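In: predicted model follows, preceded by the sequence.
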Amino acid sequence: MALLDVQNLTKRFGGLIAVNDASFSVESGQIFSLIGPNGAGKTTLFNTLTGMYRPDGGRVLYRDRRLSGLSPERIARRGVARTFQNIRLFGAMTVFENILVGQHPHIRYNYFDAIFQTPRLKHAEKRAEARAHELLEYMGLSDRAFDLARNLPYGAQRRLEIARALALRPKLLLLDEPAAGMNPQETDELKQVIRRLRDDRSITVLLIEHHMSVVMEISDRVVVLDYGKKIAEGTPAEVRNIPAVIEAYLGKGALEKPQ
Amino acid sequence: MKPRLSIIALTIAALAAGAALLAWPRSTWPLLAVLGVLFGCLTLNHHKPLRFAIALALLLFFIPAAGTHNTFLFELVTTMGIFAAMSLGLNIVVGMAGLLDLGYAAFFAIGAYTWAIFGSGQASEFMSGSFPLPGWPFFYTFAALAVITGALTGTLIGLPALRLRGDYLAVVTLGLGEVVRVLANNLDHPINFTNGPQGITPIERPPIHWMLKPLEALGLKATPALAYSIFFYLLVLAVIGIVVLVNVRLDRSRFGRAWVAIREDEIAARSMGISLTHTKLQAFATGAAFSGVMGAIFAAKQLFVSPETFTLLQSITILAMVILGGMGSIRGALVGAMAVTLLNIEVLKSFSDFLIHLRQTGFVLNLGIASYNFANLSDQIEPAKYERMIFGLILVLMMIFRPSGLIPERRHRLELGEPKKGACQDTNGGACGPA
Ligand SMILES: Nc1ncnc2c1ncn2[C@@H]1O[C@H](COP(=O)(O)OP(=O)(O)OP(=O)(O)O)[C@@H](O)[C@H]1O
Ligand SMILES: [Mg+2]
């Protein structure tokens, strides 16, 4: 049974069809990559999956239940976490607080617990803090815990986005170009991290990435989008050799020209 | 300055200012010095227990002791306290959750009318029963009720916030705030709920005969008026204490974090599972509740409420307090309320008096090249009349030179590097997790 089943998903912006009848399914435990040239509709697909946009056609099943039509917060609570291509951290909060916000749905106490500082609150907060420290350690951010998120260097901000998404304890993690702006060493570390997410925490990863090295090395399966349409799907090795993919990336006629 | 040095300086300043206030309870300078020390207590970052002790000494000993010779001190600090509760409430909505609310005075009005109607003969206009309800125990019951009516109206006025943001929200809250004032103004017919523009008076106060004995033991034979001044002063201090405590606790809980998160980035917050509806309505309800309870206290203290107290200017004044103090900062909201109230009812007035004095005595300012005879000063120039202009000026200057306020939000200050590197910033007295 597929963890995520995207069926004939379509999203239009006026006359522009950003996602056009796209179908694929992600199995539990896969690292599944979504690639395609700029403007292919990858981010739009993420936004539609996570409830930010309403699809104009098709549907999305997650663990055999409909996701399409739910609000982003409901989808997050179902265990689908994401990061953003154009980093969206809570800039004026500390790194540590960003992680605590990520745990929001799991921190269970009510308003009056907060006002009267009941044992329930203390217990919940203590656990959340312990988890936050653990996640920061995991993503190598421990020594920046009390810096403001907006003061982190770029690569660290990307890692914090992942840490914050992990705080939600997702089953499915959507990463939108996590390696963008990272140096080669950080990119290498990122590959390790993504692999470990799958291996140690059994998180399924849906990845958008332009760095071909990342995609080719760690993905189990790749879908290629072009102008919103799925033009290819397969293992990294299969996809790499499909003429339509090379054409989409390098432009028409690229294959004929001697390199 | 070194932390140790600054706390010693603050202690000495507190004693000196306190003593000066006792010696000259009627002059402005010792008062400003005392408020300056209170400001210092809020601004410094170290020696929390000692700062707290200094503030308590000033608030519970020096100011009341001087206040028995000059009840204006009680009036001033009580007013500051009432506004502080409101700026703390508005700070949650505007500062933390980032929802621009220009109708905030409405909740104050709701709280005030909650007690005014039932604590006076007004209620017998539209229902049977014997009114006014006696101050004991009903004043306290209705003050608690005002928390609830405030929170409910807060939720109602918060509803548009679910669909609107920024300027649009500001306009709608402004309108709804005015609706409350206009209702208060016009609900005197067909059924007389609010007594319209005449307002409601007199309003019952809670009995305080229990206070006279202890006051006498302290060597004070208080007139009823003085005793009530002291009573409301202490009551407002106690309520402010509770409001600050609740604020701090919420700020450090998942609720406070959710408020700041939606201010910082709604989309990211939603994808962390934060419900915008709940979070925004909670912010509005909480903020309004503080205002509501102070409204009830205000009604009893003034003995009189009328729609004219709850104007747009009032809402804007409270907003100015929040902005001046520092959006999202609890200590900032307190300082902002102190500063603006002081400016409003003491500094501008004193400055006007000073100018009038110069004019009447025909003081000549001689600067060598030019001289100016104050007798020629137009009597149009009276700073107290320029309250709004001076506010505007202060806000513009703040936006230019210190946009994050006098005491920027706590999270901002971490930027200056307080707890660093593995430091476990523990908010609840619990242990830190494995680092
Ligand atoms: N909110 C929007 N309104 C209108 N058009 C949009 C919107 N979001 C995206 N588009 C358009 O939809 C198309 C797909 O954009 P999208 O951001 O999904 O591409 P992408 O594959 O993520 O590209 P990139 O690799 O550059 O991130 C683009 O032509 C873009 O201009
Ligand atoms: Mg994109």
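Out: Sure, I can see it. Ligands and ions are numbered 1, 2, ... in the order given.

In: rest of the way, CA atoms for contacts and neighbours
Out: Noted.

In: how many other residues sit next to residue 185?
Out: Using chain A here. For residue A:185, the count of nearby residues is 8 (other Cα atoms under 10 Å in any protein chain shown).

In: the intended chain is chain B.
Out: When neighbours are counted by other Cα under 10 Å, residue B:185 registers 20.

In: could you do residue B:272 as well?
Out: 32.

In: how far does stretch B:211-220 sit from the chain's center?
Out: 29 Å (Cα atoms, centre = their mean, to the nearest Å).

In: buried residues in it?
Out: residue B:212 (16 or more other Cα atoms under 10 Å in any protein chain shown).

In: repeat for stretch B:124-136
Out: B:124, B:131, B:132, B:133, B:134, B:135.

In: doesn't residue B:116 make contact with the fourth one?
Out: Going back to what we said before, that points to residue B:133. No. Residue B:133 lies out of contact with residue B:116 (Cα atoms under 8 Å); the separation is 10.2 Å.

In: quick one, phi psi at residue 204?
Out: Since you didn't name a chain, this refers to chain A. Main-chain torsions, residue A:204, degrees, to the nearest 10: phi -80, psi 140.

In: think we crossed wires, I meant chain B
Out: Per degrees, to the nearest 10, the backbone of residue B:204 is at phi -60, psi 150.

In: before we move on, the earlier item: of the buried residues of stretch B:124-136, which belong to strands?
Out: If you go by DSSP state E, the buried residues of stretch B:124-136 have nothing in strands.

In: could those be laid out in JSON lines, adding pLDDT?
Out: Output for the buried residues of stretch B:124-136, formatted as JSON lines (pLDDT from 0 to 100):
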{"residue": "B:124", "pLDDT": "90"}
{"residue": "B:131", "pLDDT": "87"}
{"residue": "B:132", "pLDDT": "91"}
{"residue": "B:133", "pLDDT": "92"}
{"residue": "B:134", "pLDDT": "92"}
{"residue": "B:135", "pLDDT": "88"}
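
In: nearest residue to the residue in the stretch 51-200 of chain B that chain A sits nearest to other than its sequence neighbours?
Out: Closest contact between the stretch 51-200 of chain B and chain A, by Cα to the nearest Cα, is at residue B:96 (10.8 Å). In this structure, residue B:96 finds its nearest non-sequential neighbour in residue B:328, 4.6 Å apart by Cα to Cα, 6 or more residues apart in numbering or on different chains.

In: now residue A:113
Out: residue A:121 (5.8 Å).

In: helix or strand right after the strand or helix carrying the one you found?
Out: According to DSSP states H and E, residue A:121 maps onto helix A:119-138. Where DSSP H and E defines the elements, the next helix or strand beyond helix A:119-138 is helix A:154-167.

In: anything in that next one near chain B?
Out: Yes. Against chain B, helix A:154-167 shows contacts by Cα under 8 Å from any Cα of the partner chain at residue A:165.

In: report the angle between that helix and helix A:119-138.
Out: On the basis of axes from the mean of the first three to the mean of the last three Cα atoms, to 10 degrees, helix A:154-167 is oriented at 140 degrees to helix A:119-138.

In: against which helices or strands is helix A:154-167 packed?
Out: Under the contact criterion of 3 or more Cα pairs under 8 Å, 6 or more residues apart in numbering or on different chains; DSSP states H and E, helix A:154-167 touches strand A:80-82, helix A:95-102, helix A:119-138, strand A:172-176.

In: swap in 10 Å and give it another go.
Out: strand A:80-82, helix A:95-102, helix A:119-138, strand A:172-176, helix A:184-201 (3 or more Cα pairs under 10 Å, 6 or more residues apart in numbering or on different chains; DSSP states H and E).

In: save the ones you listed as a markdown table, and put in mean pLDDT too.
Out: Shown next, in a markdown table, are these (pLDDT from 0 to 100):
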| stretch | mean pLDDT |
| --- | --- |
| strand A:80-82 | 97 |
| helix A:95-102 | 96 |
| helix A:119-138 | 96 |
| strand A:172-176 | 98 |
| helix A:184-201 | 94 |
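
In: let me know whether the residue nearest to residue A:113 touches residue A:107 as I believe.
Out: Yes. Residue A:121 is within contact range of residue A:107, at 8.6 Å (criterion: Cα atoms under 10 Å).

In: between the two, which contacts overlap?
Out: A:127, B:253, B:254 (Cα atoms under 10 Å, 6 or more residues apart in numbering or on different chains).

In: report how many residues lie close to the first one.
Out: Each residue near residue A:127 was counted by other Cα under 10 Å, and the total is 17.

In: what does residue B:393 give?
Out: 12.

In: please name every helix or strand in contact with the strand or helix carrying it.
Out: Per DSSP H and E: residue B:393 is located in helix B:387-401. Helices and strands touching helix B:387-401, by 3+ Cα pairs under 10 Å, 6+ apart, are helix B:312-325, helix B:348-361.

In: one step back: and the angle for the helix holding residue A:121 with helix A:95-102?
Out: Using the same axes, to 10 degrees: helix A:119-138 against helix A:95-102 is 120 degrees.

In: what is in contact with residue B:133 and residue B:116 at once?
Out: Common neighbours of residue B:133 and residue B:116 (Cα under 10 Å, 6+ apart) are B:123, B:139, B:203, B:204.

In: what's the pLDDT at the second one?
Out: When you say that, I think you mean residue B:139. For residue B:139, the pLDDT comes out at 96.

In: how about it, what does it touch?
Out: B:115-116, B:118-119, B:133, B:145, B:204-207, B:296-297, B:300.

In: can you tell me how far it is from residue B:126?
Out: Separation of residue B:139 from residue B:126 (Cα to Cα, to the nearest Å) stands at 20 Å.

In: which residues does stretch B:10-18 contact?
Out: Taking Cα under 10 Å, 6+ apart as the rule, stretch B:10-18 contacts B:4-8, B:19-25, B:29-38, B:40-41, B:44, B:50-51, B:53-55, B:57-59, B:61-63, B:65-66.

In: just the ones of those residues in helices?
Out: Judged by DSSP state H, helices contain the following of the contacts of stretch B:10-18: B:4-8, B:19-23, B:29-38, B:40-41, B:50-51, B:53-55, B:57, B:63, B:65-66.

In: which ones among the shared contacts of residue A:121 and residue A:107 also lie next to ligand 1?
Out: Contacts with ligand 1 are made by none of those, judged by Cα under 6 Å from any ligand atom.

In: export the residues you listed to CSV and append columns for distance to residue B:365.
Out: Formatted as CSV, these follow (distance: Cα to Cα, whole Å):
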residue, distance to residue B:365
A:127, 68
B:253, 57
B:254, 59
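
In: lowest average confidence, helix or strand, in the chain?
Out: This is for chain A. Ranked by mean pLDDT, DSSP states H and E, the helix or strand of chain A with the weakest confidence is helix A:243-250, at a mean of 83.

In: the chain in question should be chain B.
Out: helix B:410-413 (a mean of 56).
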